[in-house]
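[1] Need coordinates for the following:
(one chain, ligands or ions: 3)
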Amino acid sequence: MLRIAVQSKGRLYEDTMFLFSEIGIKLGSAKRTLLIPASNFPIEVLFLRDDDIPQSVADGIADVGIVGENEFVERAVEANIEKRLGFSKCRLSLAIPKEEEYTGLQWFEGKKIATSYSHILNTFFAQKGIHAHTHLITGSVEIAPSIGLSDAIFDIVSSGSTLVSNHLKEVEVIMKSEAVLIGTPGLSADKQIILDELMFRIDAVQTAEGKKYILLNAPNEQLDNIIAVLPGMKSPTIMPLAKEGWSSIHSVLDEKQFWEIIGKLKALGAEAILVIPIEKMIL
Ligand SMILES: Nc1ncnc2c1ncn2[C@@H]1O[C@H](COP(=O)(O)OP(=O)(O)OP(=O)(O)O)[C@@H](O)[C@H]1O
Ligand SMILES: O=P(O)(O)OC[C@H]1O[C@H](OP(=O)(O)OP(=O)(O)O)[C@H](O)[C@@H]1O
Ligand SMILES: [Mg+2]
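    Ligands and ions are numbered 1, 2, ... in the order given. So this is what the prediction gives:
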């Protein structure tokens, strides 16, 4: 059994539960139980505050954990990043009152900065030769300047709307973050097998992201031209239609190239184009 530490409530909790459902891991719905085994996979889920996840993995209390990279770097513990998960994306930024004129990093010299990420901030300032005072608070960081607690803040930013509603402006991005799967050093061979299966399933979900399955009908004389514009995984599947001289073509498209390719296909005489989402992809 592999033990995985997960945030007990909050943003990462939601995103992690969604990942578990996509990779087919079912958890019993025992409310307020902090250690729940999956019913169909050899893992048990340990629910913790996200701040405690890096240490619990480093100590081997949990074998692996899902946590924001920001929190992992802040704790500076011995654990490995096994996989970047691509969700809960945010950045850690310095922000100052919006009426202040920002003059570059020197602005922070001698200033007081409220943050929950003092290790990351102090490391950054030490590298840049700036002497500032960090004031550690664990929440509601954005309110600190307006109540006289600090001159500036260093905190998580995503859309930026929390900064705007607190009359702050983002002036420096220090770190980009996303959820990561971390692992304890020296996992046993048995547990490594379970972790490999877990990562295989996550890969299948990640590979399918941004990909669409496309089906279309085309006149046979245009087949070569149509195949030339379709990237596909290896090559498209082609099947004859009951209608003489026509074929059905199936392929996989990247969402980013989607509209450009559809335009070309239509120009080549493609008809009845169907685009279907792909849930998982195993290459
Ligand atoms: N607005 C956001 N957009 C995207 N990701 C975010 C955002 N806010 C936080 N995150 C990411 O989600 C993680 C958890 O955020 P959350 O606000 O749920 O934590 P918390 O308040 O510290 O919870 P806990 O009670 O577990 O300590 C953060 O460490 C960060 O990696
Ligand atoms: O740039 P934005 O999109 O506004 O997001 C940034 C905010 O999101 C997080 O708080 P959250 O909303 O999770 O609430 P919390 O204070 O309860 O952690 C974070 O602590 C910031 O305050
Ligand atoms: Mg926390």
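[2] Can you pull the residues of the stretch 51-200 of the chain lying near ligand 1?
    Contact residues, the stretch 51-200 of the chain versus ligand 1 (Cβ under 6 Å from any ligand atom): D51, G68, N70, E71, S88, K89, C90, I156, S158, S177. C-betas here are computed from N, CA, C, even on glycine.
[3] Which ones among those lie within strands?
    Among those, the ones falling in strands (DSSP state E) are G68, C90, I156, S177.
[4] re earlier: and the residues of the stretch 51-200 of the chain next to ligand 1, which is closest to S235?
    Closest approach to S235 among those (Cβ to Cβ): K89, at 34.3 Å.
[5] number of nearby residues for the closest residue to that closest one other than its chain neighbours?
    Leaving out its chain neighbours, the residue that sits closest to K89 by Cβ to Cβ, 6 or more residues apart in numbering is E178, at 4.7 Å. Using other Cβ atoms under 10 Å, E178 is surrounded by 15 other residues.
[6] gap between E178 and ligand 2?
    14 Å (Cβ to the nearest ligand atom, to the nearest Å).
[7] okay, that residue: pLDDT?
    Looking at E178, its pLDDT reads 98.
[8] give the contact list for it.
    G68, E69, R84, L85, G86, F87, S88, K89, C90 (Cβ atoms under 8 Å, 6 or more residues apart in numbering).
[9] Pull out the buried residues from these.
    Buried by 16 or more other Cβ atoms under 10 Å: G68, E69, L85, F87, S88, C90, out of the contacts of E178.
[10] Farthest-apart pair in those, please.
    Once Cβ to Cβ is applied, these give L85 and C90 as the farthest pair, at 13.0 Å.
[11] First-to-last residue distance for stretch 100-109?
    Stretch 100-109 has an end-to-end distance of 14 Å (Cα to Cα, to the nearest Å).
[12] Which other helices and strands does the longest helix seen in the chain contact?
    Longest helix in the chain, counting residues (DSSP state H): helix 189-208. Other helices and strands packing on helix 189-208, by 3 or more Cβ pairs under 8 Å, 6 or more residues apart in numbering; DSSP states H and E, are strand 2-7, helix 11-22, strand 80-84, strand 179-183.
[13] quick one: the longest one near ligand 2?
    Put plainly, it is helix 11-22. Yes. Counting by Cβ under 6 Å from any ligand atom, ligand 2 has neighbours in helix 11-22: R11.
[14] Return the set of buried residues in that helix.
    R11, L12, D15, T16, L19, F20, E22.
[15] Helices along this protein, start to end?
    Using DSSP H, the helices of the chain run over residues 11-22, 53-58, 69-75, 118-128, 161-165, 189-208, 223-229, 258-267.
[16] Residues contacting the last one, please?
    For helix 258-267, the external contacting residues (Cβ under 8 Å, 6+ apart) are K212, L216, A218, I226, V229, L230, P231, L253, I273, V275.
[17] hmm, 10 Å instead?
    Contact partners of helix 258-267, identified using Cβ atoms under 10 Å, 6 or more residues apart in numbering, comprise 210-212, 214, 216, 218, 222, 225-226, 228-231, 249, 251, 253-254, 257, 270-271, 273, 275.
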